[in-house]
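Asks: here you go, sequence then predicted model.
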Amino acid sequence: MPSIVDGLRGSGRGIGAFNAILLEHAEAIVAGAEDARLPVILQISQNAVLYHGSLAPFAAACLSLAAHASVPVVVHLDHAEDEALIDQAVALGIRSVMFDAAALPYADNVARTRAVVERCHAAGCWVEAELGEIGGKDGAHAPGVRTDPAEAAAFVAATGVDALAVAVGSSHAMNTRDAVLDDELIGRLAAAVPVPLVLHGSSGVPEDGLRRAVREGITKVNVGTLLNRVLTGKVRETLAERTELTDPRKYLSPGRDAVRTAVAQTLRLLAPAPSPVAGH
Ligand code: G3H
Ligand code: ZN
């Protein structure tokens, strides 16, 4: 089950994985990737599924957008703690999932992740897991937590996961971009772990921090809150300027355009062109 993520490991380049809640997010994520002429991961989180009340309608829309895109788009189920939801995603045609058992004790995380990996691999589905809780999610995790490289390598060997989300200083749902990543730890994790590394909570990381993280060995960069800041900011501005508006298309389309621009910018930042060789 090779993913567009796999070939980037060790290249110093990364790929953006953006969370969609509304159809407008999903449209903007695909359009932004097409603008940048770069592949993208379109993520639906378990929390977004809870918001909609079910996975199937939104998954169908995202899979259709992906199928008709002019660049590779992978639809991914993000932060799934519910194993039944993973089975449902696979049945709907989603071929990339994150099983998030990071809040469990290590031995339980290993056992449950390994079982999910076996089922998903049998269906041709790629699996990301998490080790070392990434701060901020639901306010429940401590931002100081870090993933240990030796434990990460052992976890990947024991579970067979295709990618590993690591805790290296970022925190979910930040509204400021001042998180400081542990670049040295990213380098050690990349050297120790034989699968692509995933950064969560990337909205709180400044652009330079993201560039360095990718250079040091992060491959998949998960971005959610940043898109919501951009979308809501633009919608708020539009509604403040035009108080007579009632048609949601009139205020959501500027918001969607702003998200499209942010996606294209982020993708370009994560996938810098290789430096020209001296003398050429
Ligand atoms: O899995 C999704 C990401 O970790 C998003 O985090 O909303 O802080 O960018 P963020
Ligand atoms: Zn996350």
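Replies: That came through, no problem. Ligands and ions are numbered 1, 2, ... in the order given.

Asks: the most centrally placed residue in the chain bridge partners, please.
Replies: What sits nearest the mean C-alpha location of the chain, by C-alpha atoms, centre = their mean, is Asn222, with 2.8 Å. With beta bridges defined as DSSP bridges, Asn222 has these partners: Ala17.

Asks: surely it and Gln43 touch.
Replies: Yes: look at Asn222 against Gln43 with C-beta atoms under 8 Å: they come within range, at 7.0 Å. Bear in mind the C-beta positions are built from the backbone N, C-alpha and C, glycine included.

Asks: Three-state assignment for the residue in the stretch 1-150 of the chain that ligand 2 sits nearest to, please.
Replies: Residue nearest to ligand 2 within the stretch 1-150 of the chain: His79 (5.5 Å; C-beta to the ion). The three-state assignment at His79 reads strand, by DSSP: H, G, I helix; E, B strand; the rest coil.

Asks: in contact with it, which residues?
Replies: Taking C-beta atoms under 8 Å, 6 or more residues apart in numbering as the criterion, His79 is in contact with 45-47, 98, 100, 137.

Asks: return the subset of those residues lying in helices.
Replies: Among these, DSSP state H puts 46-47 in helices.

Asks: are any of the contacts of His79 buried, and if so which?
Replies: In the contacts of His79, burial by neighbour count holds for 45-46, 98, 100, 137, counting by 16 or more other C-beta atoms under 10 Å.

Asks: what is the most widely separated pair among the residues you listed?
Replies: Distance extremes for the buried ones among the contacts of His79: the farthest pair is Met98 and Lys137 at 12.0 Å, using C-beta to C-beta.

Asks: so what's Asp148 closest to, chain neighbours aside?
Replies: Leaving aside its chain neighbours, Asp148 sits nearest to Gly132 (7.1 Å; criterion: C-beta to C-beta, 6 or more residues apart in numbering).

Asks: quick one, grab the pLDDT at the one you found.
Replies: With respect to pLDDT, Gly132 has a value of 73.

Asks: ok so, going back, by pLDDT, give me the weakest of the buried ones among the contacts of His79.
Replies: Lys137 (51).

Asks: what residues does this structure put near ligand 1?
Replies: Contact residues, the chain versus ligand 1 (C-beta under 6 Å from any ligand atom): 19, 78-79, 172-174, 200-204, 222-226.

Asks: so how do I select the buried members of those residues in PyMOL?
Replies: Only the buried entries of those go into this PyMOL selection, using 16+ other C-beta under 10 Å:
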select buried, resi 19+78+79+172+174+200+201+202+203+204+222+223+224+225+226
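
Asks: what about the residues of the chain next to ligand 1, which are in helices?
Replies: 225-226.

Asks: so which of the residues of the chain next to ligand 1 would you say is closest to ligand 2?
Replies: Closest to ligand 2, out of all of those and judged by C-beta to the ion, is His200, at 3.3 Å.

Asks: for the closest one, give me phi and psi.
Replies: His200 adopts backbone torsions of phi -100, psi 170, taken as degrees, to the nearest 10.

Asks: and the strands in the stretch 101-250 of the chain, which stretches?
Replies: Using DSSP state E, counting those that start in this stretch, the strands found in the stretch 101-250 of the chain span residues 126-131, 163-166, 197-199, 218-223.

Asks: what about dumping the CA coordinates of the last one to CSV?
Replies: Taking Å, rounded to 0.1, in the frame of the first residue of the first chain, the C-alpha atoms of strand 218-223 are listed here in CSV:
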residue,chain,number,x,y,z
ILE,A,218,9.5,15.2,8.9
THR,A,219,7.6,14.0,5.8
LYS,A,220,3.9,14.5,6.4
VAL,A,221,2.8,17.9,7.8
ASN,A,222,-0.7,18.0,9.3
VAL,A,223,-2.4,21.4,9.1
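
Asks: just how off-centre is it within its chain?
Replies: Its chain's C-alpha centre and that of strand 218-223 lie 6 Å apart, by C-alpha atoms, centre = their mean, to the nearest Å.

Asks: any weak-confidence spans in the protein?
Replies: 1-2, 133-143, 275-280 (pLDDT under 70).

Asks: let's see it at 50
Replies: The model of the chain has pLDDT under 50 over residues 138-142, 279-280.

Asks: what parts of it come near ligand 2?
Replies: By C-beta under 5 Å from the ion, the residues of the chain that approach ligand 2 are 200, 222.

Asks: all helices of the chain, in order?
Replies: Counting by DSSP H, the helices of the chain are 23-36, 46-52, 56-67, 83-92, 106-122, 149-159, 183-192, 207-216, 225-241, 248-270.
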